[in-house]
Each structure stands twice: as C-alpha cells, then as structure tokens.
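**Student:** here is a sequence with its predicted model. Questions after.
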There are 2 protein chains.
Amino acid sequence: MTEIKILKNILDENRHRADDNRQVFNKHGILALNFIASPGAGKTTLLEKTIFGLKDRLNFAVIEGDITGDYDARRLAALGIPVVQINTEGGCHLDAGMVHRAYQDFRLDKVDILAVENVGNLVCPAEFDLGEAFKVVVLSVPEGDDKPAKYPLIFSEAGAVIFSKIDLLKAVNFGLDKARADVRRINREAPIFELSAATGQGMGEWLEWLSGKVESMKGDEAG
Amino acid sequence: MTEIKILKNILDENRHRADDNRQVFNKHGILALNFIASPGAGKTTLLEKTIFGLKDRLNFAVIEGDITGDYDARRLAALGIPVVQINTEGGCHLDAGMVHRAYQDFRLDKVDILAVENVGNLVCPAEFDLGEAFKVVVLSVPEGDDKPAKYPLIFSEAGAVIFSKIDLLKAVNFGLDKARADVRRINREAPIFELSAATGQGMGEWLEWLSGKVESMKGDEAG
C-alpha cells in the first residue's frame, strides 16, 4: 500500500506544478503543446516542418525530452529558435517540474507556441500533465492501425491526433478508416490530421488549425 | 528518499523472482525470450512468422503483454499454440511475477521456446528481468537509425537485435551502417539480424540462429 500512496503523492504534486505552469503560460499568452508518440513516429520532423511553416507569423520555443543525448534539440536549434534539452536519464516521461525548470531559460513574452516533445513512449507520458493547453498524439502509419485500441488512455487524452508518414500508406497495411473510428470511439472531440511531414502532404490543414488555436487564445485574452 | 528505496525494493524482488523463473525454464529445457520494441515495430508479426517457420521442429508457447485487450494473443493462438495474455492495465512493462503467474497455464515439458512479448515500449522493459535467456530487441526501419543511440540501455542489454521491416528501406531514410555501428558501440556481442517478416527476406538466418540456440541449450543439458 505504501507504494500506491507514494505514487498518488507524486501525481498530486505533479498536478499542482502543472497548474502553476498553465497559469504562467496563460499569463504570457503562450499556447503550450505536449507532443507524445512512440519512438520514431516522426515527432521531431513534424516539429521541424511545423516551425518552418509558421515561424514567419509565430514565435516558437521548444523543450526536448529524451532519455539521453541532444540529437533532436540540435536539429530544432538549427531553425534559429530557443531550445532546452531535458535528459531524463532513464525516466520514461517528462513531468511538470522538469518543464518548469526548463522554461526559465526562455523569454516568455516572446513566445507564442511552446512545443514540448515528450520522451518517445505511448504509455508513461499519459499520466503526467505538464501544464499544456493540449496533448498532440502522433501515430505513424507503419506502427499499425491497431494502436489507438491498444493504447487507449493516451488517445483519449489527446487534444489533436496526427496520423503521420502517410507517404508510406501504400507500403504498409494501415486502415485509415479503422484507425479514425477507433480514435473517435474513445475521443469524440480531437481533430484527426493525416499528413506527411516529409512530403508536405496534409501539412497545410494542420498549420492552419494550429495558428487558429493561437489566434483564438490571444482573442480570449484581449476580450 | 522513500521513493527511491521502494523502487530499489521492487527491483530487488523482481530480480529474485526472475532468477526463480530462470531456474524453472532451465530445468524444463526451455529457451525463454523477452521481445522488446516500440509499439508497432512488428513484434507480433515477427513472432507469427518465427513460430510458423519453426513449429514443425520446435514447440512454442507465448506470453503476450499489453496494456489492454487481447488482439495479439488471438493472432498467435490462431497458429494453434498455447498463449496467455497479460493485461498490465496501464503498466508500461511486464515483471517477473506476472510472467511466473502466466506460465502456470503451460505444460512446461512440452515447450522448447517460450516467447514473451513485452508491452510496446523501448524504456521501461529494460529495467525488469523476466528470467529470460536473452532479450530480443526489435527496431523497425521506419523508426529511424538514431534509436540505438537514443535508447542505449535496452540495446546494450539485447542478446539479439533485429532491424525489422527492411522491405521499407527504400521508402524511409535509415542508414543500416550507422544503426549497426551504434548498436555495436554499446553491445559488442549481440548478433544483428536484418529482416522483413512480411516478405520473408532475411528470416532464414534468424530462424537458423534461433533453432541453433535451442539445440545448444539442449546439448548443454545432455552433457
């Protein structure tokens, strides 16, 4: 029983810190996104292309979560945006305290979108709110159309779902209709985007939706 | 500090249970394998084709680990082999106790290879010995050639590494030489197989190696 109680304390403390982060983000008019996916689903490439597509209109900052190393942080810093790397040293997810420490390095008044790339994992990150406005769950089509049904918690919590690498649809066995229906069964609201960051197919719709989210948030503040 | 101590106790207890499992497997001449990969790397398809390729010569049993559901267990049971499903209900890995309870359902004297398919995850399963003879770590080429460097613990612990879905090599950007070199840097011994369970390419070498492992284990017992 001790073990369970301690886990509950960890989650309670994380929730308080996440609420604090959310207040900070709201105060500065920042749309914070928590990108979650398996290793290799294409989170970093999606972020690269998202930032590249919107950086003339919006200011980005990125927090990169990885077990070890700074490969992805270097890829994104090459776009000329502020990036902080968090190494979890074995931990399978980010938590709100790590994110809190990381964003101290940013000039928050200069940030419109804070993109947090979580550790590659479809399980652990589901339980830890980071203070984000919403989670973006990315599923690459080579992973298979059974994943929403097999990892329901994370898909139920998504504010947006992206089926990525659709340029590979012809080479793999992935039923878009089945995957869409399985997401919709556990999540009635999240928009589902189908895109390839590599070829650009479907990116326009995602970028428009995302910039619309920033505008409506800034509108809420002004009003 | 309490938290860390409890985690240590969990790992210690798991290690004892794993050693017990290992003794049971050795006593019955069972080669136990722990298959670990990201969600969607193709573990289940690899298992299907491995069992199909060797079932005339060797007797298989399978323990399926999933967060929820029994999709994969049903796929494998269709091959006419005994399968037990474990649902972790949110847990990101199997542990030795779960495996212990699961194999009570098998007639162990009839089993040559016990294949345990862990929860889809490249992080958490690395820490929990199940009593296996070795871990088989599967990386599908669409995930990217940077994964051995980004998830070093699991690749360092592998007794065999499989680069899967190599039928997709032309469609994705995956450097076989880079991936091989990165595995070899952290793991000097594990053989590296490159195969496609879908097309059969490279399967022969893997099946030969695996049946050789069973033979040498049975030889050790006899000798």
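**Tutor:** Nice, I can see it. Numbers count the residues shown, from 1 in each chain, chains lettered A, B, ... in the order given.
**Student:** check which residues of the top helix by length along chain A are buried.
**Tutor:** For chain A, the helix with the greatest residue count under DSSP state H is helix A:2-27. For helix A:2-27, the buried set under the neighbour-count rule, 16 or more other CB atoms under 10 Å in any protein chain shown, comprises A:14, A:17-18, A:21-22, A:25-26. Where C-beta positions appear, they are placed from N, C-alpha and C, glycine not excepted.
**Student:** quick one, what contacts the spatially most central residue of chain A?
**Tutor:** Among the residues of chain A, the one closest to the centroid is A:Phe35, at 1.4 Å (CA atoms, centre = their mean). By CB atoms under 8 Å, 6 or more residues apart in numbering or on different chains, the contact set of A:Phe35 is A:43, A:46-47, A:115-118, A:135-136, A:138.
**Student:** any idea how far it lies from A:Val116?
**Tutor:** With distances taken as CB to CB, to the nearest Å, A:Phe35 is found 7 Å from A:Val116.
**Student:** how about the strands of chain A, start to end?
**Tutor:** A:31-37, A:60-66, A:83-87, A:113-117, A:134-140, A:158-164, A:192-194 (DSSP state E).
**Student:** the longest helix of chain A packs against which elements?
**Tutor:** In terms of contacts (3 or more CB pairs under 8 Å, 6 or more residues apart in numbering or on different chains; DSSP states H and E), helix A:2-27 is packed against strand A:31-37, helix A:96-103, helix B:2-27.
**Student:** in a markdown table, list the ones you listed along with mean pLDDT and distance to B:Gln104.
**Tutor:** Listed next are the helices and strands packed on helix A:2-27 as a markdown table, based on pLDDT from 0 to 100; distance: least, CB to CB, whole Å:
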| stretch | mean pLDDT | distance to B:Gln104 |
| --- | --- | --- |
| strand A:31-37 | 98 | 36 |
| helix A:96-103 | 96 | 41 |
| helix B:2-27 | 83 | 10 |
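**Student:** what parts of chain A come near chain B?
**Tutor:** A:2-3, A:6, A:10, A:38-41, A:66-69, A:71, A:90-92, A:119-124, A:127, A:140, A:142-144, A:146-147, A:149-153, A:165, A:167-168, A:171-172 (CB under 8 Å from any CB of the partner chain).
**Student:** who's in contact with the nearest residue to A:Val99 once chain neighbours are set aside?
**Tutor:** With CB to CB, 6 or more residues apart in numbering or on different chains as the criterion, A:Val99 has its nearest non-adjacent residue at 4.8 Å, and that residue is A:Leu130. When contacts are counted by CB under 8 Å, 6+ apart, A:Leu130 touches A:18, A:21, A:32, A:34, A:94-96, A:99, A:116, A:118.
**Student:** circling back to that earlier point, quick one: distance of the longest helix of chain A to the chain centre.
**Tutor:** Helix A:2-27 sits 18 Å away from the centroid of its parent chain (CA atoms, centre = their mean, to the nearest Å).
**Student:** how about stretch A:169-182?
**Tutor:** 22 Å.
**Student:** now do the same end-to-end measure for that stretch.
**Tutor:** 18 Å (CA to CA, to the nearest Å).
**Student:** which one of the helices and strands packed on helix A:2-27 lies closest to A:Trp209?
**Tutor:** strand A:31-37 (11.8 Å; CB to CB).
**Student:** count of residues packed around A:Leu195?
**Tutor:** 24 (other CB atoms under 10 Å in any protein chain shown).
**Student:** hmm, back to that, mind putting the helices and strands packed on helix A:2-27 in a markdown table, distance to A:Asp109 included?
**Tutor:** Output for the helices and strands packed on helix A:2-27, formatted as a markdown table (distance: least, CB to CB, whole Å):
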| stretch | distance to A:Asp109 |
| --- | --- |
| strand A:31-37 | 14 |
| helix A:96-103 | 12 |
| helix B:2-27 | 36 |
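**Student:** what about the residue nearest to the centre of chain A, distance to chain B?
**Tutor:** Going from A:Phe35 to chain B by CB to the nearest CB, to the nearest Å gives 15 Å.
**Student:** what does A:Ala181 give?
**Tutor:** A:Ala181 is 15 Å from chain B, by CB to the nearest CB.
**Student:** can you pull the pLDDT of that residue?
**Tutor:** Note for A:Ala181: predicted pLDDT of 98.
**Student:** run through who's touching stretch A:187-202.
**Tutor:** With CB under 8 Å, 6+ apart as the criterion, stretch A:187-202 contacts A:42, A:45-46, A:48-50, A:155-168, A:176, A:180, A:183-184, A:203, A:205-206, A:209.
**Student:** contacting residues for A:His28?
**Tutor:** A:His28 neighbours (CB under 8 Å, 6+ apart): A:108-109, A:111.
**Student:** typed the wrong thing, it's A:Ala149
**Tutor:** A:182, B:69, B:71.
**Student:** count of neighbours near the first one?
**Tutor:** The reference is to A:Asp182. 19.
**Student:** so it makes contact with A:Pro148?
**Tutor:** Yes: using CB atoms under 8 Å, A:Asp182 makes contact with A:Pro148 at a distance of 4.0 Å.
**Student:** shaky segments in chain A?
**Tutor:** Within chain A, the stretches with pLDDT under 70 are A:1-7, A:221-223.
**Student:** now with 80?
**Tutor:** A:1-9, A:219-223 (pLDDT under 80).
**Student:** would you mind measuring from the closest residue to A:Gly144 other than its chain neighbours to B:Leu168?
**Tutor:** Nearest-residue entry for A:Gly144: B:Gly40, 4.7 Å, with adjacent residues in sequence omitted and distances by CB to CB, 6+ apart. Relative to B:Leu168, B:Gly40 is positioned 12 Å away (CB to CB).
**Student:** A:Ala179 now?
**Tutor:** Taking CB to CB, one finds A:Ala179 at 18 Å from B:Leu168.
**Student:** which of these two has more neighbours?
**Tutor:** Legend: neighbour count by other CB under 10 Å for A:Ala179 and B:Leu168, higher for A:Ala179 (24 against 18).
**Student:** among the helices and strands packed on helix A:2-27, which comes closest to B:Gly219?
**Tutor:** helix B:2-27 (13.5 Å).
**Student:** my guess is A:Gly144 contacts B:Lys43. True?
**Tutor:** No: using CB under 8 Å, A:Gly144 is not in contact with B:Lys43; the gap is 10.6 Å.
**Student:** okay, those two: which has more neighbours?
**Tutor:** B:Lys43 (25 against 21).
**Student:** on that earlier part again, list the contacts for the residue nearest to A:Gly144?
**Tutor:** By CB under 8 Å, 6+ apart, the neighbours of B:Gly40 are A:38, A:140, A:142-144, A:147, B:120, B:140.
**Student:** coming back round to it: what do A:Asp182 and A:Pro148 both touch?
**Tutor:** A:Phe155.
**Student:** one step back: with distance to A:Thr199 added, can I get the contacts of A:Ala149 in JSON lines?
**Tutor:** Formatted as JSON lines, the contacts of A:Ala149 follow (distance: CB to CB, whole Å):
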{"residue": "A:Asp182", "distance to A:Thr199": "25"}
{"residue": "B:Gly69", "distance to A:Thr199": "33"}
{"residue": "B:Tyr71", "distance to A:Thr199": "30"}
